[in-house]
Structures are given as C-alpha cells and as structure tokens.
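Colleague: Structure here, sequence nowhere to be found:
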Ligand code: GLU
C-alpha cells in the first residue's frame with residue numbers, strides 16, 4: 001500500500017477534487033486592497049464582549065476597504081453546541097450594529113462561498129485531508145486514550161514536550177514498516193476508529209538554535225518570529241469532523257479570507273497553522289491577533305475579564321441593562337484605537353464610521369475595559385440622539401427586557417419632553433446613561449414609580465408643612481420661571497429664610513436657612529429627591545394636576 005492507496009482506502013468516494021474546490025470557490029473579484037474578514041463564533045450560547053470587540057475590527061477592516069465581512073459558524077466542537085445559539089449570535093451582534101455581507105443568516109446562507117456552517121462542510125475537509133494523506137503529509141493514527149496518557153507520562157519523566165510527534169506514534173512511520181502498514185490497512189478495513197494526524201516536518205524538542213523560525217507580520221503586533229511546529233496534531237477527529245486548526249486553514253483559504261482577526265489565545269497555535277498552509281501550498285492570510293480584554297478589579301489589580309466574575313463580559317448584560325448600541329460602539333472604538341478619542345473631540349458630530357480605523361493603532365498588550373468610562377461615553381452619545389428617537393428606542397428595550405415599565409410609554413410625546421429636559425441648555429445636562437438608569441432617573445414623572453428617597457434638609461424640615469402650604473396657595477401654573485422663583489423667595493423671607501444663600505453665609509444667626517433649603521423641600525415633595533433638573537421646567541412637563549397632588553399629599 002502506498003500513500004495514494006491509503007488515501008483511497010480511507011476516503012474512497014468524495015464528490016470533488018481539491019482542484020475542483022479551487023474552481024468552485026475562486027479568487028474574489030474585489031478592488032485592490034479590499035479586505036475579506038470573517039467572524040467565526042462557536043455556538044456555545046455565550047456571546048461576549050470579546051466577540052463584539054473582534055467583530056468590530058472585522059467589520060471596520062472589511063467595510064472601510066470595500067471588502068466583505070462574513071459570518072461562519074464554527075460548530076466542530078459538538079460537545080459545546082447549544083440550541084438556538086446561532087440565533088443568539090446573529091441577533092446580539094445585529095443589535096450592536098454588526099452587519100454581515102455574507103454567510104450564515106437567520107434565513108439560511110447568503111453568498112457563494114458556503115456552506116458557512118462547518119459541520120456541513122465535512123466532505124471539503126476530508127478532500128484536503130485525503131490530499132495530505134496521498135502526499136505522505138498526514139497519517140491515520142490508532143493510538144487509544146490510554147496509550148496517549150502513557151506516552152504523556154513517559155514524556156514527563158524524560159522532561160520532553162508532551163504530545164504526539166516523531167518517535168511517539170508507530171503509525172507515523174507505517175510506510176517504512178510493512179507490519180504496521182498491514183495493521184493500518186486491516187484496521188481501516190475493519191472499520192476501527194482512528195484520527196488523522198499531520199505528519200509534521202519540524203524537529204521535536206530542538207534547541208533554540210536548531211528551531212527554524214518564520215517571520216510573520218501580524219497586523220496588530222508587528223513582526224513575529226514564529227518557531228516551527230513539530231506536533232502531529234489531529235486534523236480530522238474520529239468522528240470525521242475536523243479540528244479547529246484544520247477547519248481554519250481550509251475555510252479561510254477557500255472562502256478567500258484576507259485578514260484573520262482572532263483572540264491572542266490562538267497565537268500559540270500559529271506554528272501549526274503556518275505548517276498546514278505550507279503543506280497545502282496556500283498563501284498565509286494576514287493575522288490580526290487582538291489583545292485580551294482586561295479590567296481593573298476591586299483590589300486595583302489588572303486582570304482578564306472573566307465569565308464567572310464579570311457580568312459585563314456577556315453581551316446580554318448590555319442589552320438587558322439597556323445600553324444604546326451607539327454608545328457601546330462608540331466606547332469600543334475608544335478602546336480599539338488609541339487615537340479615536342482625539343478624533344472624536346475634533347469631530348463631535350461626525351458619524352463614528354467616518355473615523356479611519358487601523359490595526360496598527362490597536363493595543364497588543366491588553367485592552368482595558370472600564371464600565372465607568374462606558375457610562376461617561378454613553379452620556380455623551382445619548383445627548384446626540386433625538387429625544388423622540390430615544391423614546392422609541394427605550395420602548396423597544398422595555399417591550400423586550402423590562403415590560404414592568406410599560407406605563408412610561410403610554411404617551412410618547414410626553415416621554416420625549418421628559419427625556420429632553422435640560423438637554424438644550426448652554427451646558428447640556430448629561431443625565432441619561434442607559435435604559436434601566438433612565439427609568440429610575442425619570443421615575444418621579446410617573447405615579448407608578450414615584451418614591452420619596454431623600455429627607456428634607458435639616459435647616460427647613462420643621463417648616464416643611466408651612467413651606468408647602470404657602471407654595472400650594474401661591475402656585476400658578478402659568479407663571480414663568482422668573483415669577484415662579486420670586487414666589488419661592490417670598491415664601492423663604494416670610495418664614496425667616498435668607499432670600500440669597502450668600503446672605504445666610506454672612507450672617508447665619510439671622511436666618512433659619514436660605515432659599516435653597518426652602519426650594520429643596522419643594523423639590524423633595526415633588527420629585528422625592530434633592531437633586532434634579534430645573535424644578536420649574538419639570539413642573540411644566542408634569543402638569544398642574546400632578547404638581548398639586550404631589551404637594552397636597554404631604555401637607556397636613
Ligand atoms: N471558533 C473560534 C472561537 O470561537 C474562532 C477563532 C477564529 O476566529 O479563528 O474562538
């Protein structure tokens with residue numbers, strides 16, 4: 001049996017040859033410099049900020065260059081498959097404005113380079129595994145799990161690198177040993193399970209000098225010196241399904257990906273991928289290994305975001321808290337590119353897509369994620385969204401995640417007025433951060449959520465009833481802001497409070513307090529809190545009935 005016969009024995013009937021696949025998936029007809037990128041999430045049901053971070057890089061690179069961005073479902077790890085995970089991936093990313101040009105969609109595949117789900121590409125991988133087998137660059141391996149554990153123990157004892165490589169699997173050299181060749185042939189014929197391994201050409205356990213190195217330019221990290229691989233990694237599992245390594249190489253070649261954006265956890269596997277691309281005679285894509293997302297934890301230490309400890313790692317967190325996608329997008333751009341904030345300061349009203357994103361300006365040492373910073377960015381982003389549009393968006397959020405706030409959306413014009421409060425002042429109020437916070441922030445406009453949270457100020461607590469009665473008596477809803485405040489001053493002076501804070505500060509013994517204390521009593525009676533936008537403006541939006549009812553409910 002020679003290599004070709006072995007390959008035929010293993011894969012007797014595949015529909016296409018490698019050459020045919022090259023024709024079925026031809027070079028893409030794109031303008032010079034156009035980039036083809038892909039997102040390859042595994043359908044584990046957990047879609048996280050790291051996926052979104054990477055997706056932004058992919059999306060920007062492709063769309064800035066007039067290229068193509070596609071979605072490929074990487075479901076070769078059958079143990080991790082979760083029902084409806086693909087829907088979750090597509091809808092979660094879609095929510096944040098990530099749009100694919102091609103690939104898996106909720107209504108099936110779009111594009112000429114599919115199938116875009118790895119589990120449905122079995123014959124394609126097998127065709128290229130067959131090619132490697134026929135060229136003596138891969139071999140079937142029958143080592144059992146027990147044998148592999150025994151090998152590992154032996155390697156540990158000898159202080160050698162763990163794994164299957166030259167010298168450790170007799171099947172690797174079946175072609176120079178007739179007895180093993182016969183065993184291989186009969187076991188395949190008997191239908192015994194086996195994996196297909198790469199027959200690596202690297203020198204195992206070589207010293208630094210003997211290890212060949214490859215110069216690879218990573219678009220984020222710059223020049224890398226990557227050592228030769230020497231591991232006979234599995235390319236096709238017992239089930240006939242490829243490993244990530246093999247699927248990555250075959251798919252990114254055939255789908256004509258130009259830039260592979262993926263997490264830095266894949267850097268250690270790069271030697272394997274280089275060898276596979278070389279064995280198959282294909283050009284390496286440009287790799288862009290993104291940095292891990294880090295945070296400063298409660299103890300001031302920098303650490304990786306963790307699924308277990310940090311709810312903010314999950315994209316569901318942002319959706320259910322109601323962060324506006326434009327805010328998350330804006331924030332991610334600030335951590336993606338170090339020059340983004342400067343650009344934003346110079347172009348406050350520009351669409352974020354006008355910013356020229358580059359991989360060179362990405363951090364390679366860990367991107368720092370900070371929720372407080374996101375909140376700050378969000379406040380500013382929301383200021384640029386029209387109140388009516390924001391109201392509609394909040395309604396969509398409530399319908400999906402927080403139906404308990406349905407009462408907020410009874411009158412959308414009213415809600416838009418509420419949201420617009422103080423946003424057009426000379427120094428606009430940036431009080432709105434994310435939907436759940438907004439529901440709380442505007443809660444006093446609705447009897448359903450109104451609560452008195454703060455206490456009357458000590459200076460005026462004893463007079464609260466007198467202040468509020470006088471207020472109610474003199475209240476005229478048609479007063480303008482100036483007339484309204486003159487009345488508060490009058491109430492203050494009548495009851496022994498200074499009409500101006502500075503008079504009280506100068507002669508504190510002459511007064512019970514000042515006009516600010518008096519107006520805070522009114523504020524708390526109306527809004528339940530000591531801090532709020534302009535009281536007069538709030539009352540105009542609340543309407544006279546609510547103003548009178550709120551004050552009336554706390555007067556004796
Ligand atoms: N399926 C891989 C993952 O979820 C994708 C890595 C890649 O983009 O190549 O980590």
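Modeller: That came in fine, so what should we check first? Predicted model only: the values in this text are computed from it and were never measured.

Colleague: and the least confident helix or strand in the chain by mean pLDDT, what other elements does it pack with?
Modeller: One helix or strand of the chain scores below all others by mean pLDDT, DSSP states H and E: strand 367-368, with a mean of 85. In terms of contacts (3 or more Cβ pairs under 8 Å, 6 or more residues apart in numbering; DSSP states H and E), strand 367-368 is packed against strand 293-296, helix 325-336. C-betas here are computed from N, CA, C, even on glycine.

Colleague: which residue packs closest to the residue in the stretch 351-500 of the chain that the ligand sits nearest to, ignoring adjacent ones?
Modeller: When distances are taken as Cβ to the nearest ligand atom, the stretch 351-500 of the chain reaches nearest to the ligand at residue 359, 15.0 Å away. The spatial neighbour of residue 359 that comes closest, neighbours along the chain excluded (Cβ to Cβ, 6 or more residues apart in numbering), is residue 219 at 3.9 Å.

Colleague: Tally up the residues packed near that neighbour, please.
Modeller: 19 (other Cβ atoms under 10 Å).

Colleague: Report the contact partners of it.
Modeller: Counting by Cβ atoms under 8 Å, 6 or more residues apart in numbering, residue 219 touches 259, 286, 287, 288, 359, 360.

Colleague: Export the residues you listed as a markdown table, with columns for secondary structure.
Modeller: Listed next are these as a markdown table, based on DSSP: H, G, I helix; E, B strand; the rest coil:
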| residue | secondary structure |
| --- | --- |
| 259 | strand |
| 286 | strand |
| 287 | strand |
| 288 | strand |
| 359 | helix |
| 360 | helix |
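
Colleague: right, and the pair among those with maximum separation?
Modeller: Largest separation among those by Cβ to Cβ: 287 and 360, giving 14.0 Å.

Colleague: the more surrounded of those two?
Modeller: Taking neighbours as other Cβ under 10 Å, residue 287 and residue 360 compare with residue 287 leading, 22 against 9.

Colleague: follow-up on the earlier one: and residue 412, which of the helices and strands packed on strand 367-368 is closest to it?
Modeller: helix 325-336 (20.0 Å).

Colleague: hmm, back to that, deepest of the helices and strands packed on strand 367-368, which one?
Modeller: Across the helices and strands packed on strand 367-368, averaging neighbours per residue (mean count of other Cβ atoms under 10 Å) puts helix 325-336 on top, at a mean of 21.

Colleague: Pull the distance from it to the chain's centre.
Modeller: 10 Å (Cα atoms, centre = their mean, to the nearest Å).

Colleague: Please report phi then psi for the closest residue in space to residue 375 that isn't next to it in sequence.
Modeller: Counting by Cβ to Cβ, 6+ apart, residue 375 lies nearest to residue 433, which is 5.1 Å off, once chain neighbours are set aside. Here is the backbone geometry of residue 433 (degrees, to the nearest 10): phi -120, psi -60.

Colleague: can you count the residues close to residue 433?
Modeller: 22.

Colleague: Residue 154 in helix, strand or coil?
Modeller: Secondary structure, three-state DSSP: residue 154 is helix.

Colleague: and it, how many neighbours does it have?
Modeller: Neighbour number of residue 154 under other Cβ under 10 Å is 12.

Colleague: Same check on residue 17?
Modeller: Residue 17 has 12 neighbours, counted by other Cβ under 10 Å.

Colleague: Looks like it contacts residue 127 (just checking).
Modeller: Yes - counting by Cβ atoms under 8 Å, residue 17 touches residue 127, with 7.0 Å between them.

Colleague: any shared contact partners between the two?
Modeller: In terms of Cβ under 8 Å, 6+ apart, residue 17 and residue 127 are not both contacted by any residue.

Colleague: Pull up the pairing partners for the least confident helix or strand of the chain, direction included.
Modeller: Applying DSSP bridges, strand 367-368 is found paired with strand 293-296 (parallel).

Colleague: what's residue 195 sitting at in phi/psi?
Modeller: The phi/psi pair for residue 195 (degrees, to the nearest 10) reads phi -110, psi 160.

Colleague: re earlier: contacts for the least confident helix or strand of the chain next, please.
Modeller: Contact with strand 367-368 is made by 53, 290, 291, 292, 293, 294, 295, 296, 302, 335, 336, as judged by Cβ under 8 Å, 6+ apart.

Colleague: Give me the angle between the helix or strand just after that strand and helix 325-336.
Modeller: Counting by DSSP states H and E, the next helix or strand C-terminal to strand 367-368 is helix 371-383. Using axes from the mean of the first three to the mean of the last three Cα atoms, to 10 degrees, the direction of helix 371-383 lies 130 degrees away from that of helix 325-336.

Colleague: Which elements pack onto helix 371-383?
Modeller: So helix 371-383, by 3+ Cβ pairs under 8 Å, 6+ apart, packs with helix 325-336.

Colleague: Whichever residue of the stretch 101-250 of the chain sits closest to the ligand: what's it in contact with?
Modeller: Using Cβ to the nearest ligand atom, residue 248 is the residue of the stretch 101-250 of the chain that sits closest to the ligand, at 5.3 Å. Residue 248 sits next to 40, 260, 273 when contact means Cβ under 8 Å, 6+ apart.

Colleague: One more: residue 256?
Modeller: By Cβ under 8 Å, 6+ apart, the neighbours of residue 256 are 25, 27, 28, 36, 113.
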